[in-house]
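Student: kindly generate the corresponding structure for this input.
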Amino acid sequence: MKRKRQCPQVKRRLSAFLDNEVSEKEKFYISEHLKSCVNCQNDLERLSEVSGLLDLVEEVEVSPYFMVRLRQRIAEEKSKRVVWLPLLEWRKRIFVPVGIALLFFIAVLGGNYLGHWLNQRVEKAVELNEEVANVAGITSLEDFSEGSLVDAYAGLLAEGGK
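Tutor: Okay, here's the model as predicted:
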């Protein structure tokens, strides 16, 4: 169980162990772990194979100014990104609230217009009902007693003739 907790620490140092870039204390610790851990032994073996393959590759010489130009180019790329991100951020900060305010304004105006239009329609319907009642003489029927024939007729009119 203790070996499992050691594996991540050993695996991080295997490359340095292989290149003999560890202290004597680390070398002893890693060697002892490798004696009992098959997984770490396999990782060391694969790492050793890759290292051997890399030794076969010829080294490429770069010009003395390569690192200077590389750093300069990286800085240029970073500066280009920095310019565009605030611009996009600015657009979001302006257009989103303005768009929401505009939609709210349109909704209020539309609701006001719709309410006014519906109110006019209701008023016209009430006026029309009063006219129909006056023409049909229904208002004069209110003088008759409950349960009379006129009361039944008024009830039928109120229910829509059902």
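Student: what is the neighbour count of Val10?
Tutor: Val10: 21 surrounding residues under other C-beta atoms under 10 Å. The way it works is simple: take the backbone N, C-alpha and C, and place the C-beta from them, glycine included.
Student: ok, it to Leu156 distance?
Tutor: Here the criterion is C-beta to C-beta, to the nearest Å. By it, Val10 lies 97 Å from Leu156.
Student: next one: Leu118
Tutor: For Leu118 relative to Leu156 (C-beta to C-beta), the value is 29 Å.
Student: try Glu127
Tutor: As judged by C-beta to C-beta, Glu127 and Leu156 stand 23 Å apart.
Student: and the helices in this structure?
Tutor: Using DSSP state H, the helices assigned to the chain run over residues 2-18, 24-36, 38-56, 66-136, 149-158.
Student: neighbouring contacts of the third one?
Tutor: Which is helix 38-56. Residues from elsewhere that reach helix 38-56 (C-beta atoms under 8 Å, 6 or more residues apart in numbering): Cys7, Val10, Lys11, Leu14, Ser15, Phe17, Leu18, Asp19, His33, Leu34.
Student: from those, list the buried ones, please.
Tutor: Neighbour-count burial (16 or more other C-beta atoms under 10 Å) applied to the contacts of helix 38-56 gives Val10, Lys11, Leu14, Phe17, His33, Leu34.
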